[in-house]
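J.: sequence first, then the predicted structure:
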Amino acid sequence: MLRQILDILDKEFYGGLPDQTTLSYGAIRGLLTTLDDPYTTFIEPDIAAIWNQDATGQFEGIGATVQLREDGYLEIVRPLPGQPAETVGIKAGDIVLSVDGVSIVGMGLYEAIGLIRGPAGTEVTLEIGRQGEQEPFMVTVRRARIEMPTVDSRMLENNIGYIQLTEFDDTATERVSSALQALLDQGASGLVFDLRDNPGGFLNQAIMVGDLFLDEGIVAIERDSSGGEQSFPSRTGDLGETIPLVVLVNGGSASASEIVAGAIQDRSRAVLIGELTLGKGSVQLPHNLSDGSQLRVTVARWYTPNNNSIHGEGLTPDIEVTIPEDTPEGEDPQLQRAIQYLTEGE
């Protein structure tokens, strides 16, 4: 039928038709929109090349986490601290309507992000819709190289250790384990594990990082499109199984972060402090196509050990703490609440 339609258009359409590649890409996108899944998406070759940078732990763009809402709008979940998006005043909850004059409303998630990203030093103009503003407005952002140090660790007051994991790359478990051992050697008697603004990463790393803090049991359950189910276990005998623990999460905590935090919460290993997480509990399998484009297909969903769905729901912290917009620079109410909990036990 598609071939028949193309033949009719070729013979009868009044006006010039786009080239075959453009027509094919448009047909593919139209097909995928019927699936009602923003994470199953087609990515053109130049944008696919940009996404492949993620494996390196750094990328070039504006420095913000985003999500595609059910109504087709791209929403800023959180601008990353100190990065260009925050510098120009972009806020959590802002809606990106267009990029350099191209509407992204209804566009696939990865394609929209690919338009926002670009070489460091170049500028991109975003049309922003903001609650409370009557009209959309334009913001020009100078892109930068966004380097995400995988692990940051230090000792805080009262012998409380702190580890921030920014991404589940292929070194995550090794780095978290090394940081934890160093803090224990310094006499840490409690630990804050910070997964805020961590967008996720590799499944095997999520399972192994979770295992560091959990004794024998289940970390996560995967159910695929054919009805198959697989449980991912943790084993007894790891470094972080007994140290008093708090996990920090927020709206930028997604995917692998939610797997780890959900397991820790379900198994009553620690409390979660912060804000509702993003709610990305699906698994995408990338297919590299012959022309350099890529098709990402949702093949499975994640569930917590207590069989709770993450997807579209997110994780609700045991103790909810927001960070008001007028919070003085350098203050972190969520971290302070975690320290209070570990120090006072409530």
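T.: Arrived safely.
J.: alpha carbons only for contacts and neighbour counts from here, please
T.: Noted.
J.: how far away is residue 36 from residue 29?
T.: 12 Å (CA to CA, to the nearest Å).
J.: ok, the two, which is more surrounded?
T.: Neighbours per residue (other CA atoms under 10 Å) separate residue 36 from residue 29, with residue 29 holding more: 15 against 9.
J.: isn't that one right next to residue 41, touching?
T.: Yes: with contacts counted by CA atoms under 8 Å, residue 29 reaches residue 41, the gap being 7.5 Å.
J.: could you give me the buried positions within the one helix or strand residue 113 maps to?
T.: Here residue 113, judged by DSSP states H and E, is contained in helix 109-116. The neighbour-count check on helix 109-116 (16 or more other CA atoms under 10 Å) flags 109, 110, 111, 112, 113, 114, 115, 116 as buried.
J.: contacts for it?
T.: 38-39, 41-44, 47-48, 50-51, 61-62, 67-68, 74, 99, 104, 124 (CA atoms under 8 Å, 6 or more residues apart in numbering).
J.: pull out the buried residues from the residues you listed.
T.: 38-39, 41-44, 47-48, 50-51, 61-62, 67-68, 74, 99, 104, 124.
J.: mind listing which of those are in strands?
T.: The strands, defined by DSSP state E, take in 41, 42, 43, 61, 67, 68, 74, 99, 124 from the buried ones among the contacts of helix 109-116.
J.: what kind of secondary structure is residue 183 in?
T.: Of the three states, residue 183 takes helix under DSSP: H, G, I helix; E, B strand; the rest coil.
J.: once you drop chain neighbours, what's closest to it?
T.: In space, and not counting its chain neighbours, residue 183 is closest to residue 161: 6.0 Å by CA to CA, 6 or more residues apart in numbering.
J.: OK, contacts around that neighbour?
T.: 153, 154, 155, 183, 188, 189, 190, 191, 192.
J.: of those, buried ones?
T.: For the contacts of residue 161, buried by 16+ other CA under 10 Å: 153, 155, 183, 188, 189, 190, 191, 192.
J.: quick one, strands of the stretch 151-300 of the chain?
T.: In the stretch 151-300 of the chain, the strands defined using DSSP state E, counting those that start in this stretch lie at 151-155, 160-165, 190-194, 217-224, 229-234, 245-249, 271-274, 282-288, 294-303.
J.: just flag whichever of the ones you listed has the lowest average confidence.
T.: Among the strands of the stretch 151-300 of the chain, strand 282-288 carries the lowest mean pLDDT, a mean of 88.
J.: just list what it packs against, helices and strands only.
T.: With contacts taken as 3 or more CA pairs under 8 Å, 6 or more residues apart in numbering; DSSP states H and E, strand 282-288 sits against strand 294-303.
J.: the strand it packs on versus strand 282-288: what angle between them?
T.: 160 degrees (axes from the mean of the first three to the mean of the last three CA atoms, to 10 degrees).
J.: tell me where the protein has helices.
T.: 2-12, 20-33, 45-51, 84-87, 109-116, 172-185, 203-213, 256-266, 333-344 (DSSP state H).
J.: and the residue lying closest to residue 197 once chain neighbours are set aside, what does it touch?
T.: Closest residue in space to residue 197, ignoring its immediate chain neighbours: residue 252 at 3.9 Å, by CA to CA, 6+ apart. Residues near residue 252 by CA under 8 Å, 6+ apart: 65, 66, 77, 78, 196, 197, 198, 199, 277, 278.
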